[in-house]
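K.L.:
sharing a sequence plus its predicted fold:
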Amino acid sequence: MEPSQGHPPPLRLLLIDDERGFVTTLAKRLAKRNIQTAQAFSGREGIQLLRKSDFDVVLLDLKMEDIDGMEVLKIIKIMAPDLPVIMLSGHASEETARLGIKAGACDYLTKPYDLQELVEKISQVVRRENK
């Protein structure tokens with residue numbers, strides 16, 4: 001399907017977070033901003049989705065039940081080294097942020113976050129990767 005005149009195709013975002021309510025609400029809010037969201041409720045599910053589809057950016061929670069977000073980040077960077085990953089956490093520390101960036105994340109955001117700030121970060125990292 002061709003994108004309609006004047007409208008860019010939606011960004012494809014993979015959202016990996018085990019908080020179902022947060023994920024579904026955020027996906028609906030991002031859809032209104034031309035960001036198509038695939039939802040994964042665990043690290044394993046996120047890795048499986050990444051094997052099946054292409055994404056422009058990943059939004060990855062740090063603290064999950066099955067696999068720690070840092071481990072998921074390392075796996076993503078092996079599978080798709082150029083795929084931008086934004087770390088997301090309610091348990092943020094500067095040390096964790098530094099470790100995430102060192103492991104290959106391109107940015108970091110703490111919960112609660114401002115939706116507009118998140119959308120801007122997503123747009124920035126995608127633009128950066130497409131240059």
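P.N.:
Cool, the structure landed. Numbering: from 1, shown residues only.
K.L.:
could you list the low-pLDDT ranges of the protein?
P.N.:
By pLDDT under 70, the low-scoring segments of the chain are 1-6, 91-93, 131.
K.L.:
where do the helices of it begin and end?
P.N.:
Applying DSSP state H to the chain gives helices spanning 20-31, 43-52, 69-79, 94-102, 115-129.
K.L.:
okay, those helices in JSON lines with mean neighbour count and distance to Pro8 next?
P.N.:
The C-beta positions use only the backbone N, C-alpha and C, and glycine is treated the same way. Formatted as JSON lines, the helices of the chain follow (neighbours: other Cβ atoms under 10 Å; distance: least, Cβ to Cβ, whole Å):
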{"stretch": "helix 20-31", "mean neighbour count": "14", "distance to Pro8": "15"}
{"stretch": "helix 43-52", "mean neighbour count": "17", "distance to Pro8": "23"}
{"stretch": "helix 69-79", "mean neighbour count": "17", "distance to Pro8": "24"}
{"stretch": "helix 94-102", "mean neighbour count": "14", "distance to Pro8": "28"}
{"stretch": "helix 115-129", "mean neighbour count": "15", "distance to Pro8": "11"}
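K.L.:
in a markdown table, list the ones you listed along with distance to Thr37.
P.N.:
Formatted as a markdown table, those follow (distance: least, Cβ to Cβ, whole Å):
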| stretch | distance to Thr37 |
| --- | --- |
| helix 20-31 | 4 |
| helix 43-52 | 11 |
| helix 69-79 | 16 |
| helix 94-102 | 21 |
| helix 115-129 | 10 |
